[in-house]
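Novice: just a sequence and a predicted model for now, questions to come.
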Amino acid sequence: MSELPRKARGRRNQFFAADGVDELISMVLELAADVSALRERQYILEQVLSANGIAAGEAIEAWEPTEADREALAAGRERMLSGLLRNLQAPRGTEVSEAAAAAEEEPRENAA
């Protein structure tokens, strides 16, 4: 499957007159999309594990992260926040910054 380019070009659109509303809505919609995708994946994973005799709920509650796990989770949180906050990096009516365009090009990982 071919991928669409994820580069942001040109000026940001403005749909609401009040300052910050467009950026806030973009952030909320991005979070909602991520939460929805994660809920679906979690449900599917738990069903697959259960079908194979693994009690996922108990195993998740009993899991203790290693230092490597903590670092991977922290890196994932940082990527998520960077992507979410890119909406604030280039105010509407201005050219999209290189940093914001680069953040949109970063691949998302399934872990963390």
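Specialist: It's in. All values reported here derive from a predicted model rather than from experimental measurement.
Novice: only C-alpha atoms from now on, for both contacts and neighbour counts.
Specialist: Will do.
Novice: any idea how far the longest helix that the chain contains is from the middle of the chain?
Specialist: Assignment by DSSP state H gives helix 21-51 as the longest helix of the chain. Relative to the chain's own centre, helix 21-51 is displaced by 9 Å; criterion: CA atoms, centre = their mean, to the nearest Å.
Novice: could you do stretch 7-21 as well?
Specialist: 20 Å.
Novice: now do the end-to-end distance for that stretch.
Specialist: Length of stretch 7-21, first residue to last, CA to CA, to the nearest Å: 22 Å.
Novice: all further residue positions should be reported with the first residue as 192.
Specialist: In the new numbering, first residue 192, that becomes stretch 198-212.
Novice: rounded mean pLDDT for that stretch, please.
Specialist: Here stretch 198-212 scores 73 as its mean pLDDT.
Novice: again, but for stretch 266-274
Specialist: On average, stretch 266-274 scores 91.
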